[in-house]
Structures are given as C-alpha cells and as structure tokens.
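Novice: Show me the folded form of this:
(chains A and B)
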Amino acid sequence: DTAVSQTPKYLVTQMGNDKSIKCEQNLGHDTMYWYKQDSKKFLKIMFSYNNKELIINETVPNRFSPKSPDKAHLNLHINSLELGDSAVYFCASSLTTDKQFFGPGTRLTVL
Amino acid sequence: DAKTTQPTSMDCAEGRAANLPCNHSTISGNEYVYWYRQIHSQGPQYIIHGLKNNETNEMASLIITEDRKSSTLILPHATLRDTAVYYCIVRVVGGSNYKLTFGKGTLLTVNP
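Specialist: The predicted structure follows:
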C-alpha cells in the first residue's frame, strides 16, 4: 500500500499549457505539502495545507495554485507553464508538525 | 530554524558503519535534530530525530553531543542501498512550525 502517491510520475508539456499534478495520502495525516526540487537538486517547500486550510505559501508565482478537496488530497495546478517550471515536484504529508512522508515525485518537463 | 553544516560528500565501505556528522552550533533549546535521506530519483525519506538524548531505531542511531551543537547519524552496517544524500535539519516541533528546510546535505556513497 502506497502511503503518499502522486500522478502522473512524468509530465512532458509545451510552454504555455496548463497542467495538474495530483497527490493522495492514506496515512490519516492532517497536513500536506508541495515541494519543488530543481535541476541543482535544491528541495524547497512551496505550499502546505492543514485540515484543508492553506498554512504555508512561499514565494511562488500566482500561476501555481494548490487545491485541497479533503484532508487526503492535495493537487497542484500550474497555469501558463514556463521553461523554468521544469523540476521534480514532491508531495508530502504529516500529522501536524511531526515527521513528513514524501511521495515518489512527479518529473515535469516543459519544452 | 537553526542552520546546519554538513560535509558535501563521504565514502563508506559496504558492511562498515557510516558516520555522518552535522554541525548546528546555533541550535536553540526547543529545536530538534532531524535526519532525512534521498535515494536517487526517489522522494526524501525520514530516518530519525532527537532532542538531546541519543536515539536508535531500525534504520540508524543518532548521537547528539551534550552541548547539542553537533550530532552524528550512524548507519551501523552500510549497504549499497544506503547510497543517498543525507540531510540534517534542525527545527522546532509543534506550534505552527510545519516547515522542513533542506540544505545541500551529504552525498554518502557506499562502495562494494
């Protein structure tokens, strides 16, 4: 049983397109996160939701919009994709501020 | 959260203990030391965390110095599958601190 799952695993798209990445956790956690890992391997937090409420919103372009339909899901929608958005995006979850469990990642390539 | 300093890379022979150091000289009294690792092309994986006492679990041991300014993660019998980037993170737990701030970590290469 996968604890934190993401779809798709790979996403290749053209500049200017809109795409979504989905995340689901079956751990019963109340907090979910999106991280971005760029080509230099730096891992940075983007957003976090606790009980469907946005609690962390780092300096991320408005083109990125997270949505949490329920505590077990956190989706990431990206509008007007740019070359610089190419990265690996990781979803994670935790029980409040406890240790975080990460998904396998979604590799986004913008052409 | 306090800043950490780790070596960029380390090597270890398979079957030997891997000792990964981390300096966190500005750690505050309520900050924990967390260790995560990231195996190539996978998501980060939680390993262990502690406040001031030494901790051990099925994956590793964490030794924190008495002054808490540094710590060492010990993988007792490293295997090839332990080759990964290891991140030492110092953070407050509880309240509204949900952030994990990743540094550059240490690339541990386990050699056959």
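
Novice: Now do the same contact list for the residue in chain A that chain B sits nearest to.
Specialist: Here the residue of chain A nearest chain B is residue A:102; by CB to the nearest CB that distance is 3.3 Å. For the C-beta atoms, the positions are set from N, CA and C on the backbone; glycine is no exception. Contact criterion CB atoms under 8 Å, 6 or more residues apart in numbering or on different chains gives A:4, A:35, A:90-92, B:43-45 as the residues in contact with residue A:102.

Novice: per-residue confidence at the residue minimising distance to the centre of chain A?
Specialist: The C-alpha lying nearest the average C-alpha coordinate of chain A belongs to residue A:34 (CA atoms, centre = their mean; 3.4 Å). Reading off the per-residue confidence, residue A:34 sits at a pLDDT of 96.

Novice: cool, residue A:101 as well?
Specialist: 96.

Novice: and it, how far is that from residue A:56?
Specialist: Taken as CB to CB, to the nearest Å, the spacing of residue A:101 relative to residue A:56 amounts to 17 Å.

Novice: my read: residue A:109 touches residue A:17, true?
Specialist: No: under the criterion of CB atoms under 8 Å, residue A:109 lies out of contact with residue A:17, with a separation of 11.7 Å.

Novice: hang on, the earlier thing: between residue A:101 and residue A:56, tell me which one has more neighbours.
Specialist: The residue with more neighbours, out of residue A:101 and residue A:56 and counting by other CB atoms under 10 Å in any protein chain shown, is residue A:101; that gives 20 against 17.

Novice: part of a strand, is the residue nearest to the centre of chain A?
Specialist: Yes: going by DSSP: H, G, I helix; E, B strand; the rest coil, the assignment for residue A:34 places it inside a strand.

Novice: so who does it touch?
Specialist: Remark: with contacts taken as CB under 8 Å, 6+ apart, residue A:34 is in contact with A:23, A:45-48, A:66, A:74, A:76, A:89-92.
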